[in-house]
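Student: sequence first, predicted model second:
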Amino acid sequence: MTGRITQIFRHPIKSHGLQTVARVSLEEGHMMPWDRVWGVAHEASEADGSKWVSCANFSRVSKAPGLSAITADLDEATETVTLTHPELGSLTFQPDHEGDKLIAWAGGLIPENRAASARVIRGTGQGFSDSDFPSVTLCNMSSHRAVEQRVGQELSIKRWRGNFWFDGLAPWEEFDWIDREVRIGTAIVIPRERTDRCLATHNNPDTGTRDANVLGALDSWGHRDFSVRAEVVQAGDVAVGDTIGRA
């Protein structure tokens, strides 16, 4: 059986804004183009962009819920990003040259008991994925609806901060894809691991506040996983409406 791609998201700056796109071209061994290219290192971080480092080195939504309400619009030609937040308004800047503008604009969203944002850095390798390998994230709408039912309220899919959303398959079917080839559009990927989840999922992406016990809902299945992280093994194009399923 196959499902259909319903949404595609990218996050140009890690934990600082989500952008909807209609189609992407995937390259073998790479993340989604323009996904998590930049990150905001905090004052206790040693990250410099020269190599992959864990998410603990960055200002992120799991520690600062207010960041969840940021949306992003990237102009690829000029590498200019416009961020919008319901309380802060909009900021347009070039992350490579004007990172201090982002620190000043969003720094107040970092709780006082957390390391303050210090600098914007660009990854020179794979980008700042939450996995230690270049990955794209596959998210199942049926699994999302199962979580909604357990929580007892509607949840925005943006809580999960994934890349590709699909519908038409059974809940949790994506977990059976680990280490198996999956065709998505004209590309082929191999899911390598389930995505372990954190308090970021409790954040409402419209308000930037925590309002749902998503981890508690996941516990009822005996895990705290949602979606799978996949390696691109054959380049290809993926658009909303394309099919996804075992190759």
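Tutor: Okay, I see it.

Student: show me the helices in this protein, by range?
Tutor: Counting by DSSP state H, the segments of the chain that form helices are 99-106, 141-151, 214-219.

Student: format these as JSON lines; extra columns: mean pLDDT and mean neighbour count.
Tutor: For glycine as for every other residue, the C-beta is placed from the backbone atoms N, C-alpha and C. Listed next are those as JSON lines, based on pLDDT from 0 to 100; neighbours: other C-beta atoms under 10 Å:
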{"stretch": "helix 99-106", "mean pLDDT": "98", "mean neighbour count": "18"}
{"stretch": "helix 141-151", "mean pLDDT": "98", "mean neighbour count": "17"}
{"stretch": "helix 214-219", "mean pLDDT": "98", "mean neighbour count": "17"}
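
Student: dump those helices into CSV; add distance to residue 52 as well.
Tutor: As requested, these are exported to CSV (distance: least, C-beta to C-beta, whole Å):
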stretch, distance to residue 52
helix 99-106, 19
helix 141-151, 27
helix 214-219, 25
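
Student: so for residue 183, which of the ones you listed sits nearest?
Tutor: helix 141-151 (18.2 Å; C-beta to C-beta).

Student: pull the distance from the closest one to the chain's centre.
Tutor: 18 Å (C-alpha atoms, centre = their mean, to the nearest Å).

Student: same question, stretch 168-185
Tutor: The answer for stretch 168-185 is 18 Å, by C-alpha atoms, centre = their mean.

Student: list the buried ones in it?
Tutor: 168, 169, 171, 172, 173, 174, 175, 177, 182, 183, 184, 185 (16 or more other C-beta atoms under 10 Å).

Student: what is the nearest of those residues to residue 82?
Tutor: Looking across the buried residues of stretch 168-185 and measuring by C-beta to C-beta, the closest to residue 82 is residue 185, at 27.6 Å.

Student: coming back round to it: and of the helices of the chain, who's closest to residue 83?
Tutor: helix 99-106 (7.3 Å).

Student: and for the closest one, what's in contact with it?
Tutor: Outside helix 99-106, the residues that touch it by C-beta atoms under 8 Å, 6 or more residues apart in numbering are 13, 16, 40, 67, 70, 83, 85, 88, 91, 93, 95, 117-121.

Student: swap the cut-off to 7 Å and go again
Tutor: Helix 99-106 is contacted from outside by 16, 40, 67, 88, 91, 93, 95, 117, 119, 120, using C-beta atoms under 7 Å, 6 or more residues apart in numbering.
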